[in-house]
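Visitor: Here is my input, please return the structure:
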Amino acid sequence: MSETLKYVVSELNKPPYNKSYNLISFDQLEPLQILQVLTDVLSEVDPKQKVDVREEAADQTAIRIFGILRVLKYKPPTTAGNLSSFRQGLVQGEKPVILPILEWLLQQTPALTKRAYLARYLVKIEVPPEYSQDDQVADLLQQYEILIDEFKDVHKTHETLKNSGFNTADIKKDIASMEEEKEQLGKRVERLKRKVENTPNTGPMLAAAQNLRRERDRDTKLTQQKQEQKGVIAQFEQRCHRLQHQLKETRQSSIGATPEGLLQRLEEENKINTYMLKDKLPKQLGTTKSTVQDLQRVVAEPAMGQSDLDEINNKIKQTNAEVNQLVEKRMMSGDPMEDKLSLFRQQVAIIARKKEAAAESLREVREEHAKLESEQSSKKDQLKQNDGEEVLKGEEFKRYVNKLRSKSTVFKKKRQELAELRAEAGVMSRTEEILKGREDTMNRQLGQLENQKGVSGYRETQDALESVSALKSELDSMKGKTLEDISVLVQKLNRRIQEKKSALAPLIKELRPLRQKAQEMQSEHDDKKSQYDTMAAGLESNRSKLEQEVRGLREECSGEESRFHYVNTMKHINNVQQKKIADEMKSYMSSDSTEKRKAFRDLYSKKILEQENLGKGLREKQKYVRENHDGSMVQMRMWRDVQRIMESKLGVKSHGDGGGTHVRRSVSFAAQDEERLIL
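Guide: Just a heads-up that it's a prediction; the model follows:
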């Protein structure tokens, strides 16, 4: 704890907190000040936590701190005792509880700040199930989840760009290169302007280009609007599909239904809802209210010391002792009427527990049903968004399989044609290479002939003149064109493509037999796969039949085993009863007096006689009570009047003259009932 205290004090003295604590001054802080320090540290993680604890209620402070710690995923002590003491210590501002929290917050402040920022947008709003069934609320929840997913993607992209490794030098280099490119583009634009200055109809052409750009921008905006409208249409289609599904389920549930069955089902649902409304929910609400009141009372009470705890423990022990004494007295009284009622009370309690368990299971089943329906709707929506269709069944699935097989056959044919075309392209590229080689050989032979005839360099000179004239004609023809650079780039790309083709030609030649072999292997694989699927389907059907048969035999075996155990148990019970009867007959028929006293017949006869005597005494007591009831009631009223008169006299004595009214009232009471005792 001392190391934790040192670390917390040193971190609080640093920016952004800038406290001036030392170990002694921090240890002497009051609980309210400790809570304020914790709130200041939490405000650095989440700015919403920046409040003054003195102006905030204690329960609100506890709820706020518990909420932010839950969002930050702080792990308190796991055991029940430690958890309760942790909560109480946090409410009361105890240092042993708050110091570990401060250490944890100060060690992970950047990560926790990021987590608090993300929690502001990613923590989902809890909507009760009864409200989430509404269509508009369901649509809003779906849009809310879509926005959460979009936020996740945007945040991931932002983090990726943030951690991509770009530094200032690279950015400066990119800016410098972009500025150079901008200058080059400016020069190119100027050059193009000079080229088109003498071109007729320059103004109309520029106006047409501006109109074209404007229409393209408008087309882009219209495309965006079209996408938005498609999204709205998709949402309405989803809602329509959901309503149609509900209508279909309602129609299916109404098939074969009779008015009596519907009324019976409605009555059952009404009974269940009535029980939930009048019995279960009020109990849960009362339990929750009592728990909240207890928590509020605990929060409102001041901090307790050891003496208060000892006093409470002594009170608990005294109360437990009194409860035990009352239970013993009740057990010793042994009232037979109470014993009979206890049996019925136990039955009522068992039935109530069964009803509560059934209601709880019904609630769980309803929640699971709602969850499964939501998952089903989400899966269907996801399938529709991916341009999918619903799951086909029966004849539709067979037609789909046949269509897929026909498409597979067409695909195989097209793939074979594509392989042939690729092979032919490889042959053509190889032919081109051979012709180029022959051209080089002929050029060398022509050079040798020129050397022999004494006109060496004639062909190169002619080619150069032709190239110069071609270049001149090309330049003359390209004066009015503005896409010179693009054509050069295209030529460069074509040259590179030709180079890549010449480089890949040997590899294509080697790849040709391998592709043919792969095609043969693919056809063989398809045949084997179809055979495997057929055999697997047959084996699966046989396995399901065998499993069903084994399941039936196991159920039959378990039923026979339970019947055997039941018969064996009944046999054992009958043997015990026969033995008991034989012992009873033996003791009853025996001449020995000691064995005869042990017979159950005599014991039960004796108990019956005792109970008859007890009943006779109770009847005499009841008769006595009935005969003396009126007199006893009169005497009781008289003593009650005496008590009231004495209280009136005490009131007269304490209030002086104001007691005359009480005296007259007692006199009037005496006049009304002559049998009362007057003092």
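
Visitor: Helices along the stretch 451-600 of the chain, start to end?
Guide: Using DSSP state H, counting those that start in this stretch, the helices of the stretch 451-600 of the chain run over 458-477, 484-589, 593-597, 600-627.

Visitor: pLDDT of the helix or strand that comes right after the last one, averaged?
Guide: Once helix 600-627 ends, the next helix or strand along the chain (criterion: DSSP states H and E) is helix 629-655. Helix 629-655 carries an average pLDDT of 89.

Visitor: who does helix 629-655 touch, helix- and strand-wise?
Guide: helix 660-672 (3 or more C-beta pairs under 8 Å, 6 or more residues apart in numbering; DSSP states H and E). Using the backbone N, CA and C atoms, a C-beta is placed for each residue, glycine as well.

Visitor: Could you measure from the residue nearest the centre of the chain over to Asp46?
Guide: What sits nearest the mean C-alpha location of the chain, by C-alpha atoms, centre = their mean, is Lys124, with 9.0 Å. Using C-beta to C-beta, to the nearest Å, Lys124 is found at 18 Å from Asp46.

Visitor: Please apply the same query to Gln264.
Guide: Applying C-beta to C-beta, the value for Gln264 to Asp46 is 56 Å.

Visitor: Looking at those two, which is more packed in?
Guide: Set side by side, Gln264 and Asp46 show more neighbours around Asp46, with 18 against 11, by other C-beta atoms under 10 Å.

Visitor: Looks like that one contacts Ile68 (just checking).
Guide: Yes - counting by C-beta atoms under 8 Å, Asp46 touches Ile68, with 6.2 Å between them.

Visitor: what do these two both touch?
Guide: Common contact partners of Asp46 and Ile68 (C-beta atoms under 8 Å, 6 or more residues apart in numbering): Ala116.

Visitor: re the thing from before, for the residue nearest to the centre of the chain, report the pLDDT, please.
Guide: As predicted, Lys124 sits at a pLDDT of 75.

Visitor: and what of Ser541?
Guide: Per-residue confidence (pLDDT) for Ser541: 80.

Visitor: if I look at it, how far off is Lys398?
Guide: 17 Å.

Visitor: Repeat that for Tyr624.
Guide: Counting by C-beta to C-beta, the gap from Tyr624 to Lys398 is 94 Å.

Visitor: just Ser544 next, same as before
Guide: Distance of Ser544 to Lys398, given as C-beta to C-beta: 20 Å.

Visitor: Check Lys606 too.
Guide: Taking C-beta to C-beta, one finds Lys606 at 85 Å from Lys398.

Visitor: And for Arg297?
Guide: Taking C-beta to C-beta, one finds Arg297 at 71 Å from Lys398.

Visitor: In the stretch 101-250 of the chain, mark out all the helices, start to finish.
Guide: 109-122, 129-132, 135-162, 168-196, 202-254.

Visitor: so the last one versus helix 168-196, what angle?
Guide: Spelled out, that is helix 202-254. Between helix 202-254 and helix 168-196, the angle formed by their directions is 120 degrees, by axes from the mean of the first three to the mean of the last three C-alpha atoms, to 10 degrees.

Visitor: what's the following helix or strand after helix 202-254?
Guide: helix 259-275.

Visitor: For the helix or strand just after that following helix, buried residues please.
Guide: Downstream of helix 259-275, the next assigned helix or strand under DSSP H and E is helix 281-300. By neighbour count on 16 or more other C-beta atoms under 10 Å, the buried set for helix 281-300 is Val299.

Visitor: what's the angle from helix 281-300 to helix 259-275?
Guide: Helix 281-300 runs at 20 degrees relative to helix 259-275, counting by the same axes, to 10 degrees.

Visitor: In terms of secondary structure, what does helix 281-300 contact?
Guide: Where contact means 3+ C-beta pairs under 8 Å, 6+ apart, helix 281-300 is packed against helix 58-71, helix 80-92.

Visitor: Could you pull out the buried residues of the last one?
Guide: Of the residues in helix 80-92, those buried by neighbour count under the rule 16+ other C-beta under 10 Å are Ser85, Phe86, Arg87, Gln88, Gly89, Leu90, Val91, Gln92.

Visitor: Could you pull up the contacting residues of the fifth one?
Guide: Read that as Gly89. The contact partners of Gly89, by C-beta under 8 Å, 6+ apart, come to Pro96, Val97, Ile98.

Visitor: Can you verify my assumption that the second one contacts Ser84?
Guide: Just to be clear, that refers to Val97. No - Val97 is beyond contact range of Ser84, at 11.6 Å (criterion: C-beta under 8 Å).

Visitor: Show me this protein divided up by domain.
Guide: Domains of the chain are assigned by automatic domain parsing as 2-123, 427-586, 595-627, 629-672.

Visitor: from the chain's centre, how far out does the second one sit?
Guide: Using C-alpha atoms, centre = their mean, to the nearest Å, the distance from the centre of domain 427-586 to the centre of the chain it belongs to is 39 Å.

Visitor: One more: the third one?
Guide: Averaged C-alpha coordinates place domain 595-627 at 68 Å from its chain's average position (C-alpha atoms, centre = their mean).

Visitor: And the pLDDT for Val567?
Guide: In this model, Val567 is scored at 91, pLDDT.

Visitor: next one: Leu489
Guide: For Leu489, pLDDT reads 62.

Visitor: same deal with Glu620?
Guide: pLDDT, Glu620: 91.

Visitor: And for it, the neighbour number?
Guide: Close neighbours of Glu620, defined as other C-beta under 10 Å, add up to 10.

Visitor: Pretty sure the residue nearest to the centre of the chain sits against Ile148.
Guide: Yes - with contacts counted by C-beta under 8 Å, Lys124 reaches Ile148, the gap being 7.3 Å.

Visitor: looking at the chain, which helix or strand is least sure?
Guide: helix 660-672 (a mean of 45; mean pLDDT, DSSP states H and E).

Visitor: ok so, going back, wait, which of the helices of the stretch 101-250 of the chain is closest to Thr409?
Guide: Nearest to Thr409, of all the helices of the stretch 101-250 of the chain, is helix 202-254, at 34.5 Å by C-beta to C-beta.
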